[in-house]
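# missing the sequence, but the structure's below:
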């Protein structure tokens, strides 16, 4: 795990690198300032995945409320995998989880015991590609969810979720395009942003709404 100083140095380098790509990136970074990406590195991958599932296709405040009700069941502490597996479906529905999300959460909890969901120490030794390949075998877990884990828990610095609508829309505004690029095109564009694609994603999520239009 990197120190705060190392992380800050990396983000400064990332901002400088991206600002040198072209005038559009330079103006965006001038407007937003240095990248402020932060990861919750103290969380285990298991917890991060469960939290990510809660936020799937929901407004942030709604997901926050669901997680708050879940934590209330366990005295404010995030439940261990065995505790989640022992919690019945109706109780989880009472928190606000859908049936599909409950099945996914059970699968994540079971994945800890069968070795599919690694510990933080184990994950640190795995490549981005290996983690994606392993975790998407879990029902209900797609590449986007694993990329959120890589960015916001494992603090990987070269991740660009090409399927993310916010990123694609941000790029559309940045480049004054008529339509957001497809995921495949975003992957190609992002090659020029490596090894700082996580910082690039941070900026693209924040492209001002009043960015000039074609």
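That came through, no problem. Keep in mind it's a predicted model, so treat the numbers as computed, not measured. Residues are numbered from 1 along each chain as shown.
# gap between residue 95 and residue 182?
Distance of residue 95 to residue 182, given as Cβ to Cβ, to the nearest Å: 36 Å. For every residue, glycine as well, the C-beta is placed using N, CA and C.
# who has more neighbours out of those two?
residue 95 (19 against 12; other Cβ atoms under 10 Å).
# which helix or strand contains the closest residue to that one other than its chain neighbours?
Among residues not flanking residue 95 along the chain, residue 69 sits closest, at 4.2 Å (Cβ to Cβ, 6 or more residues apart in numbering). Using DSSP states H and E, residue 69 sits within helix 60-72.
# helices or strands next to that helix in the packing?
helix 45-55, helix 89-95 (3 or more Cβ pairs under 8 Å, 6 or more residues apart in numbering; DSSP states H and E).
# and those helices, which one's lowest on average pLDDT?
Of all these, the minimum mean pLDDT falls on helix 45-55 (a mean of 93).
# shaky segments in the protein?
Applying pLDDT under 70 to the chain flags the ranges 1-7, 210-214.
# and it, what are its domain boundaries?
The chain breaks down into these domains under automatic domain parsing: 4-39+159-204, 45-152.
# quick one, what contacts the most centrally placed residue in the chain?
Nearest residue to the geometric centre of the chain (Cα atoms, centre = their mean): residue 148, 1.7 Å. Counting by Cβ atoms under 8 Å, 6 or more residues apart in numbering, residue 148 touches 48, 52, 161.
# test my guess that the second one contacts residue 151.
No. With contact defined as Cβ atoms under 8 Å, residue 52 and residue 151 do not form a contacting pair (10.7 Å).
# can you tell me how far residue 168 sits from residue 151?
16 Å.
# show me where the protein has its helices.
Ranges of helices in the chain, per DSSP state H, are 4-19, 23-32, 45-55, 60-72, 81-85, 89-95, 99-113, 120-124, 128-135, 143-152, 165-174, 183-190, 197-204.
# pick the most buried one from these.
When the helices of the chain are scored by mean count of other Cβ atoms under 10 Å, the highest mean neighbour count falls to helix 197-204 (a mean of 25).
# quick one, that one and helix 23-32 angle?
In terms of direction (axes from the mean of the first three to the mean of the last three Cα atoms, to 10 degrees), helix 197-204 departs from helix 23-32 by 70 degrees.
# any idea of the angle helix 197-204 forms with helix 143-152?
Using the same axes, to 10 degrees: helix 197-204 against helix 143-152 is 100 degrees.
# residues contacting the closest residue to residue 153 other than its chain neighbours?
Among residues not flanking residue 153 along the chain, residue 48 sits closest, at 4.0 Å (Cβ to Cβ, 6+ apart). Taking Cβ under 8 Å, 6+ apart, we find residue 48 in contact with 40, 148-149, 152-153.
# any chance of those in TSV, plus distance to residue 76?
TSV is the format used below for these (distance: Cβ to Cβ, whole Å):
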residue	distance to residue 76
40	17
148	24
149	23
152	21
153	20
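# which one among those residues gets closest to residue 62?
Using Cβ to Cβ, residue 148 is the member of the contacts of residue 48 that lies nearest residue 62, at 17.2 Å.
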